[in-house]
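Enquirer: For reference, the sequence and a predicted model appear below.
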Amino acid sequence: MAMPLEMAMLLTKTVWFALSGWILTCLSIADEIAGSLRNREVGPPLHLA
């Protein structure tokens with residue numbers, strides 16, 4: 001059974017909205033971490049063995 005085009009477009013927009021929010025959040029966190037490392041606000045991660 002084929003999915004109507006309108007339903008497919010709605011599903012695509014919903015998935016894209018969810019993924020774009022997730023990607024934006026990850027990039028924001030990575031930017032904050034990189035800025036902190038550049039400004040020496042935090043040290044490099046420790047390797048606990």
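Expert: Cool, the structure landed.
Enquirer: Quick check: which ranges of this protein have low pLDDT?
Expert: 1, 43-45, 48-49 (pLDDT under 70).
Enquirer: Using the three-state scheme, assign the residue nearest the centre of it.
Expert: In the chain, the residue lying closest to the centroid (C-alpha atoms, centre = their mean) is Ile23, at 2.2 Å. Using DSSP: H, G, I helix; E, B strand; the rest coil, the structure places Ile23 in helix.
Enquirer: just to confirm, which helix or strand has Trp16 in it?
Expert: Under the criterion of DSSP states H and E, Trp16 resides in helix 5-38.
Enquirer: so who does the residue nearest to the centre of the chain touch?
Expert: Contacts for Ile23 (C-beta atoms under 8 Å, 6 or more residues apart in numbering) come out as none. Where you see a C-beta, it was placed from the backbone N, CA and C, and this is true even at glycine.
Enquirer: measure it to Asp31 for me?
Expert: Separation of Ile23 from Asp31 (C-beta to C-beta, to the nearest Å): 12 Å.
Enquirer: likewise His47?
Expert: Going from His47 to Asp31 by C-beta to C-beta gives 24 Å.
Enquirer: the more surrounded of the two?
Expert: Between His47 and Asp31, counted using other C-beta atoms under 10 Å, Asp31 has the larger neighbour count: 10 against 5.
Enquirer: how near is the more buried one to Leu24?
Expert: Asp31 is 11 Å from Leu24, by C-beta to C-beta.
Enquirer: repeat for Arg38
Expert: Distance of Arg38 to Leu24, computed by C-beta to C-beta: 21 Å.
Enquirer: do the same with Met3
Expert: Noted for Met3: a distance of 28 Å to Leu24, by C-beta to C-beta.
Enquirer: cool, Pro4 as well?
Expert: Going from Pro4 to Leu24 by C-beta to C-beta gives 30 Å.
Enquirer: same thing with Ala30?
Expert: Distance, Ala30 to Leu24, by C-beta to C-beta: 11 Å.
Enquirer: just His47 next, same as before
Expert: Distance from His47 to Leu24, counting by C-beta to C-beta: 30 Å.
Enquirer: Could you give the number of residues near Leu11?
Expert: Using other C-beta under 10 Å, the number of residues around Leu11 comes to 11.
Enquirer: I'm done for today, thanks for sticking with me.
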